[in-house]
Each structure stands twice: as C-alpha cells, then as structure tokens.
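[1] Here is a sequence with its predicted model. Questions after.
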Amino acid sequence: MKHYPYQIGTMAEYQTAYAESLNYPDQFWSGIAENFVWHRKWDKVLDWNFKEPAIRWFEGAQLNITENCLDRHAATAPDRLALVWEPNHPQEAVRRYTYAELLQAVNQCARVLLAMGVQKGDRVCIYMGMVPELAIATLACARIGAIHSVIFGGFSAQSIADRVEDAQASFVITCDRAYRGNKSIPLKAVVDEALLKTESVKKVLVYQRTGEACAMDASRDLWWHEAMERVSTDFLPATVMDAEDMLFILYTSGSTGKPKGVVHTCAGYMVWTNYTFVNVFQYRPGQVHFCTADIGWITGHSYILYGPLSAGATSLLFEGIPTYPDAGRFWDICDKHSVNILYTAPTAIRSLMSFGDGPFEGKSLNSLEVLGSVGEPINEEAWHWYQDKAGKGTLPVVDTWWQTETGGILISNLAGVTPAKPSFATLPLPGIEPVLVDEQGNRLEGPNVSGNLCIAKPWPGMLRTTYGDHERCRTNYFSAYKDLYFTGDGCLRDENGFYRITGRVDDVLNVSGHRIGTAEVENAINLHHEVVESAVVGYPHDIKGQGIFAYVIASSDIKTDDVLRQHILNAVTKTIGAIAKPDKILFVKGLPKTRSGKIMRRILRKIAEGEYAAIGDTTTLLDPAVVEEIIQSAKVL
Ligand code: WT7
C-alpha cells in the first residue's frame, strides 16, 4: 500500500487515497487512526454485515473522545482558543475559552454530573440555547461516558417527553431561557411541562442565561452556577471507553411514526468527524471555523464540537440568528472574529440573498478562505451568490452531502483540491462507495444515471443502531436493497462521476434544513378533535427549500374557517414545535385514495406544486371526482 498524507492536498492524492480506502480498508483506516490518542489500540479494524446490521470499527480499542478534543491540545497549545462565543445581542461581551480553559470547564461540569449521580452509560438529555455551557455540558457527558441526547431548543414539551421516555433518560440539562433574535424563550418552563408526562428524570441542572424569574423544584432542580461552586476544580481523568460504546443518541425524523434515536459510538465517529473536517475544509492549524448550525442538530455535533475540537481548531459558537439585529450579522461576525471557514445552510443563504447587497457594505470579509454548504440541495443561483458575495468570486465552495445517520460528510468536494460544480456535492470521500439503484434494486452503472442513493460499504462514522429498537434500524436503512445502506435520497451521477443529490424520495421533508416526517405532522394535526383526516406533503418554497402543505378533512359540523386553521397550527406547535407548522392548510371534503385505501401522495404533491396538468391518470382512484374538487379549492387558497 502506498503512503499518503492524512490531509489530501491534490487531486492525485485524492485519487490514491480513494482507491486505497476501497482496496485495502483495514490498512487505510488503521493508518488514519494512528493520528489519535488511544488507551489501547484496536485488535481488528472492521467487522461487519449489513444483514443484521452489525458494524464494529476498531474493536478492542479504548479511548475517550474528550482526550482527543481537549487534553492533547491543552498539552501542546494550551493558550490556543478552542471556543469563541458570540452572543445573540452584539453589544454583550464575547466569551472565549482556550483549550486549557475548556478542558478545565468540562472537567468541572463532569464533576457536577458525577455529584448528581450520573454514571457511565446513563442517558442525559440536553435542552439548551447556544451558550458555551451547551458545549461544556455535552463534552462533560462524553468525559464520564454518559450518553448525551441533545434536543434542539425549538422542540415542544411533548417532543422532549417522547425523547426522554424513549431513551429512559435520568437527567436533563437546560437553561432558564434562551435568547434568539428579539425573543426570549422559556426553556426551563418547557422542560417542566415535559417532565409532567414522563417519570424517568431524577435531576435537572439549570444554567442561568437570562436571569428572569424561573420556577425551581427544590427536590429535583439545581442551578448550574451553584453546583459548579460546590465541586473541585481539579483535573478529572477521562473515563476509558470501548471503541463501540455509545457516545450519543440524536433523534431524527423518518417516514413513519415517532422520531428515532440514531446511535453513534466513540471511536468511529471521532475518526470520521476529524478526517472529514480536516479534508473537506482543508483546515490549517490555527484557523477559525464558524459553523452556523445549532448543536441540537448533527451538523453542530460534528462540525462545531467533535470535528473542529479534535483537530485543535478555534470553533465559533453563535447564539443568535442570521437576521438579528440585521441581515449583515454573519458578515459582522466574520470580520469581528477573523473567521476563516464559514459553514452554513442554503436556506440561510437564500434568506440573506433577499436583502440585496446592503448588508455587505463596510464589511471586509478578508479573513474568509473556505465556504461550506450543508443541509439540503443548494440551487445554482444561491451557490453563485454565496461564492460571489461572501467569497468575492474566488473562494472555494464545498457542497457537503450527509445525514444524521452518516455522522459526518460522505460526498463533497475538498476545498480548492478537487473540482467544484454548482449544485453538485461531487465526489465521495475515501471509504465511501455510492451506488445508485432503481426501484427494483438494480444497480445503475456508468455516467448520466439517476436513482436511489445507497452506500455499499461501512464507514467509521455511520450509525450503529436506533436506540432501543435495532429492528427499526434494519428495516429503515438496510432492508430496502440487499446488502446496501439506503439513504432515502434521490441522486444523479453525471458524465464525470459527480453526484448531485436531488432530494428525499421517502415521506421526509426538508424544511429550512430541518428534517420533518410527514407522518409526524399528520399525527399532530389529527390529534385535533375537529379533524377527521389529513395528508401532508412538501412543495417547493423559495427560502425554506420545501414548505409544508396540509390537506385537512374537518368534521362536517365545523365551519372550515380561520379559527380551525389557527387551532391546527397551535396543535402542531404544541406536539412537535414551531418548525413543523404547515405553511398552507387546505380544507377538503375527501382525499384521493386508491381502491385499497392508500392516499395518492403523488397527486397531492402535484396539486401543492400547482402542476395541475401533470397529475396524470386518476381513473384508478376510488373517487376520481375528489381530485377536481381539490384542484378548484387549491386554486383559490
Ligand atoms: C438530509 C439529511 C447533514 C446535516 C444536516 C441535515 C439533505 C443534507 C445535503 C446536500 C443535498 C442534502 C438530504 C439528506 N441534505 N446535505 N449538501 N445536498 N441534500 O441532516 O437532518 O439528517 O438530513 O438532508 O436529503 O438525506 P439531516
């Protein structure tokens, strides 16, 4: 096997690394894994089958991911900045943590968790705003081998209760409130409401962010600042973990039922987030990396916390939103903190586009070197605008395709190293073997084909199971096509072998980069007593990528008016969260169904898109007349 560097620097090196990774995976990944700190090295690099599935990387190895993210940099570069925190309100003070300081804070928080009774393997739910303490709490769990389950701060009490219950979490870490733009959101009150619905939680740790009045239950709730005062500030040795011990659970939506708890394990996830961070963004020591995602999503886990910190980068944590106090906020932050790498989402780019050039006035953006996009397909117009305005027409843009389940980036160009092509994620990373299949599972070979995107071999960062329900993992990802991991995405391969992701082919929506199952939204709508039945589909939306279109049959004695519409929006907000609120609600008398009772979503999607002429044959429907009725009311919505 040829020697190649950890960081790929040329197209030729990419080609060598890619070939080696597929031809000699064991040698390749053990070479990569040499770049980390281990308590014990692996006996076997990889053991796998996709049938069960059973995927084990670096079997026999022992480590703690926080030693790789913190201790090793605190030893060699203690004064380098690990975290820079930019508050929601620009006039509030920036907070900075060097690697030595972040290690100290994580250890102190880990001692608080130990004092609360948290043990290795316990599940800890974290529901916080984007404050440094969120990063600290998450890493503190990893320090002591507790399994973190971070829940995005926009989710409802019911969503928290479902996730606490599913994971049987015994501890919650939250904030009194969170600032977001000109709002202050009562996180602790939402947690209190959630915990009325479930029994498993023993203690709640509360970080005081805003200081507004906040109910505390003396038998259950502790203030972060008081608990931190009570513990020693001494070094805390990391708990030694097995390679395949669980690191975290992250809940994500699927095409059916309730969100599933995607499980990632210690060693493989660490290797994958580090390797992809260093290569895709072409990270150089000392650079400042600004990922605008929330830590409540996988992007934040992998590219605010574990990837950048394991690489020794300076990671910027932003509490606010792109348009507060104005639409120049990202550019202000880039200048203020000399950001080198900016990683954001197409929905943010499209939203900023609508404000024109004004927000760029007086901004230098001279520190920027690499631009990244993630979360949904980026249209060509947005791609070019991003490169022209933020990148002054010259900076490399990486379009990174991946999923909660993949742990890190699978398909992307490498900044300035491999070619870019607007709206294409382009080429797979080493270790990734994409396969396109048709509906019958036939592999589509060669250039210029479109099909369902699958991955043929395991990679270190892939999910291992869905928490508490391995069979669900198997049926969701490994049963559609034999011996393949199925992504749920449609994809095209062009004449150069570049991949373009065309969007989900299942009943999962991508709204502003947030993943939402249509079945979840339908369940929430159906909870309303005046609703008989509903069907939810996505439709193209200029800013959000996809909008949510709900067809609702209301009970006959109800006037289908704005009051019911408002009730439905409230029900969805209460059951899932405001991110899942339908953009359009159309009251209908019936839904297009087959004779066996299956809702014809394809027809509903066409109507939502306004493509009335493309609906096609409706004669096989139970009641074809219903389609014409829906079209007439859709036209006047
Ligand atoms: C789905 C995964 C990956 C972290 C954020 C979302 C879509 C993601 C791209 C991209 C086209 C993309 C896919 C994927 N997606 N990145 N660069 N180009 N589509 O994670 O919530 O797990 O959603 O997001 O449809 O399956 P997620």
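    Thanks, I have the structure now. For clarity, every value in this text was computed on a predicted model and none was experimentally measured.
[2] Surely residue 574 touches residue 156?
    Yes: at 5.6 Å, residue 574 and residue 156 qualify as touching, with contact defined as Cβ atoms under 8 Å. From N, CA and C alone the C-beta is placed, and that goes for glycine too.
[3] Please compare those two by neighbour count and tell me which comes out ahead.
    residue 156 (21 against 16; other Cβ atoms under 10 Å).
[4] Apart from its neighbours in sequence, what residue is nearest the more buried one?
    residue 577 (4.8 Å; Cβ to Cβ, 6 or more residues apart in numbering).
[5] Pull the number of nearby residues for the one you found.
    23.
[6] show me the contacts for it.
    152, 154-156, 159 (Cβ atoms under 8 Å, 6 or more residues apart in numbering).
[7] So of those residues, which two are at opposite extremes in space?
    Within the contacts of residue 577, two members stand farthest from each other by Cβ to Cβ: 152 and 156, at 10.7 Å.
[8] quick one, phi psi at the residue nearest to residue 156?
    phi 150, psi 160 (degrees, to the nearest 10).
[9] Could you pull out the helices in the stretch 451-600 of the chain for me?
    470-473, 518-526, 562-575 (DSSP state H, counting those that start in this stretch).
[10] right, and residue 186 touches residue 175 too?
    No: using Cβ under 8 Å, residue 186 is not in contact with residue 175, being 9.6 Å away.
[11] ok, the two, which is more surrounded?
    Neighbours per residue, other Cβ under 10 Å: of residue 186 and residue 175, the larger number sits with residue 175, 28 against 17.
[12] Checking residue 431 next. Helix, strand or coil?
    coil (DSSP: H, G, I helix; E, B strand; the rest coil).
[13] and the gap between it and residue 410?
    Residue 431 is 9 Å from residue 410, where distance means Cβ to Cβ, to the nearest Å.
[14] Near the residue of the stretch 51-200 of the chain found nearest the ligand, how many residues? Count them for me, please.
    In the stretch 51-200 of the chain, no residue comes nearer to the ligand than residue 152, which is 10.4 Å away by Cβ to the nearest ligand atom. Residues contacting residue 152 under the criterion other Cβ under 10 Å number 19.
[15] Which pLDDT value goes with it?
    Looking at residue 152, its pLDDT stands at 97.
[16] Over to the closest residue in space to it that isn't next to it in sequence. Which of the three states is it?
    Nearest non-adjacent residue to residue 152, counting by Cβ to Cβ, 6+ apart: residue 296, 3.0 Å away. Following three-state DSSP, the label given to residue 296 is coil.
[17] what about residue 296, distance to the ligand?
    11 Å (Cβ to the nearest ligand atom, to the nearest Å).
[18] now swap in residue 22 and tell me
    Taking Cβ to the nearest ligand atom, one finds residue 22 at 22 Å from the ligand.
[19] Now do that residue against residue 74, distance only.
    Taken as Cβ to Cβ, the span from residue 22 to residue 74 is 36 Å.
[20] who's more crowded, these two?
    residue 74 (22 against 16).
[21] Wait, the more buried one touches residue 100, no?
    Yes: Residue 74 lies in contact with residue 100 (Cβ under 8 Å); the separation is 4.7 Å.
[22] For residue 455, give me the pLDDT.
    98.
[23] cool, and residue 2?
    53.
[24] swap in residue 571?
    pLDDT at residue 571 comes out at 94.
[25] which residues touch the nearest residue to it once chain neighbours are set aside?
    Nearest residue to residue 571 in three dimensions, chain neighbours excluded: residue 528, at 4.9 Å (Cβ to Cβ, 6+ apart). Contacts for residue 528 (Cβ under 8 Å, 6+ apart) come out as 564, 567-568, 571.
[26] Just the CA trace of stretch 518-527, in CSV.
    What follows is stretch 518-527, C-alpha atoms only, in CSV (Å, rounded to 0.1, in the frame of the first residue of the first chain):
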residue,chain,number,x,y,z
THR,A,518,-45.0,14.0,7.0
ALA,A,519,-46.5,11.3,9.2
GLU,A,520,-45.4,13.2,12.3
VAL,A,521,-47.2,16.3,11.2
GLU,A,522,-50.3,14.4,10.2
ASN,A,523,-50.4,12.7,13.6
ALA,A,524,-50.2,16.1,15.3
ILE,A,525,-52.9,17.6,13.1
ASN,A,526,-55.1,14.5,13.6
LEU,A,527,-55.0,15.0,17.4
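[27] neighbouring contacts of that stretch?
    Here stretch 518-527 has contacts from 253, 255-259, 507-509, 531, 533-538, 548, 550, 552, 568, 571-572, 574-576, 580, 582, 601, using Cβ under 8 Å, 6+ apart.
[28] So what's the residue count around the closest residue to the ligand within the stretch 201-350 of the chain?
    Proximity of the stretch 201-350 of the chain to the ligand (Cβ to the nearest ligand atom) peaks at residue 299, 4.5 Å away. The number of residues packed near residue 299 is 26, by other Cβ under 10 Å.
[29] Check whether it sits in a helix, strand or coil.
    helix.
[30] Which neighbouring elements make contact with the top helix by length along the chain?
    For the chain, the longest helix by residue count, based on DSSP state H, is helix 99-116. On a contact count with 3 or more Cβ pairs under 8 Å, 6 or more residues apart in numbering; DSSP states H and E, helix 99-116 meets helix 72-76, strand 81-86, helix 132-144, strand 203-207, helix 224-230.
[31] Next, format those as JSON lines and append mean pLDDT and distance to the ligand.
    Output for the helices and strands packed on helix 99-116, formatted as JSON lines (pLDDT from 0 to 100; distance: least, Cβ to the nearest ligand atom, whole Å):
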{"stretch": "helix 72-76", "mean pLDDT": "98", "distance to the ligand": "25"}
{"stretch": "strand 81-86", "mean pLDDT": "98", "distance to the ligand": "21"}
{"stretch": "helix 132-144", "mean pLDDT": "99", "distance to the ligand": "17"}
{"stretch": "strand 203-207", "mean pLDDT": "98", "distance to the ligand": "26"}
{"stretch": "helix 224-230", "mean pLDDT": "98", "distance to the ligand": "29"}
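[32] Indicate which one of those is closest to residue 327.
    strand 81-86 (16.0 Å).
[33] picking that back up, surely the residue nearest to residue 152 is in contact with residue 159?
    No: using Cβ under 8 Å, residue 296 is not in contact with residue 159; the gap is 11.2 Å.
[34] shared neighbours, these two?
    Joint contacts of residue 296 and residue 159 (Cβ under 8 Å, 6+ apart) are residue 151.
[35] Tell me, how many residues neighbour the closest residue in space to residue 232 that isn't next to it in sequence?
    Nearest residue to residue 232 in three dimensions, chain neighbours excluded: residue 111, at 6.3 Å (Cβ to Cβ, 6+ apart). If you count neighbours by other Cβ under 10 Å, residue 111 ends up with 21.
[36] Renumber starting at 21 from here on
    Okay, residue one is now 21; in that scheme the one you just asked about reads as residue 131.
[37] Run through who's touching stretch 374-391.
    Counting by Cβ under 8 Å, 6+ apart, 301-302, 307-308, 343, 346-348, 351-352, 354-355, 358-363, 372, 406-407, 409-412, 415-418, 435-436, 563 sit against stretch 374-391.
[38] Could you confirm whether it reaches the ligand?
    No: Stretch 374-391 lies out of reach of the ligand by Cβ under 6 Å from any ligand atom, never closer than 12.9 Å.
[39] Okay then, goodbye and thanks.
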